[in-house]
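*Asks:* please find the sequence and the predicted model below.
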Amino acid sequence: MTDPAAANPPPGPSPRGGMYFEDFTVGETIAHRLTRTVTQMDNMLFSNMTLNPQPLHIDAHFCATETEWGQPLMNSLFTLGLMIGISVNDTTNGTTIANLGMSDVKFPAPLFEGDTINCTTEIAAKRESRSRPNAGIVDFIHRAYKQDGTLVAECRRQAFMRKREA
C-alpha cells in the first residue's frame, strides 16, 4: 500500500531532509551546520584513490623543502567534494534528480591538515524545467571557509531538483 503522504509531500523538507524546487528562494544563503576538520589521512586517501601522485599533497618533505607552503596542501578536488557534500543534508538530500555541473570553481586560499571548514550555500538562480514539468533547475553558489573565516573554496553548481507533487 502506498503512503499518501509520500505521494503528496507536506510543506517543509523531504523525509530525507532535502528541499524541493519550490522551497528555494533566490538570494537566500544557507549556513550549514556540519563542519569538518581535514586530516592527513583524508589527503593521502583521496590523492591515492584518484591516482594523483602530486607531491604537493602527499610528500611532507618535498613541501617542507621545495614549496612556499612548508606543508602539504589539501587536494583541491577533495576540498570541492567536501564543500558540496556538507551542503547535501540541508539542500538536496532525497530531492535531487541529477547534478548538472559545476563552474566558476575557485580555491582562493590554501587549506591544510588540521583546518576546520564550514560552508554556506547561496541560491543564485532557479527556473522550471522546459522538458519536465515535475522538476526545476537551481543554481547554488557553495563557499567553504576555514576556522579563521578565510574563504578556501567556491563554486557555482546546477542541480536538477524535484518539485512537490501537485
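*Replies:* Noted; the coordinates are in hand.
*Asks:* so the most centrally placed residue in the chain is in which element?
*Replies:* The centroid of the chain falls nearest to residue 84 when counting by CA atoms, centre = their mean (0.7 Å). Per DSSP states H and E, residue 84 falls inside helix 76-91.
*Asks:* can you pull out the strands in the chain?
*Replies:* For the chain, the strands defined by DSSP state E occupy 29-37, 96-106, 116-128, 135-146, 151-162.
*Asks:* which among the ones you listed is found nearest to residue 79?
*Replies:* Proximity to residue 79 (CB to CB) singles out strand 151-162 among the strands of the chain, at 4.9 Å. To be clear about C-beta, it is placed using only N, CA and C from the backbone, and glycine gets the same treatment.
*Asks:* check which helices and strands that closest one sits against.
*Replies:* helix 76-91, strand 96-106, strand 116-128, strand 135-146 (3 or more CB pairs under 8 Å, 6 or more residues apart in numbering; DSSP states H and E).
*Asks:* re earlier: and of the strands of the chain, who's closest to residue 56?
*Replies:* Closest among these, once you apply CB to CB, is strand 151-162, at 15.3 Å.
*Asks:* show me what contacts the residue nearest to residue 117 when sequence neighbours are not counted?
*Replies:* Nearest residue to residue 117 in three dimensions, chain neighbours excluded: residue 144, at 4.8 Å (CB to CB, 6 or more residues apart in numbering). Residue 144 sits next to 79, 82, 83, 86, 111, 117, 118, 119, 151, 152, 153, 154 when contact means CB atoms under 8 Å, 6 or more residues apart in numbering.
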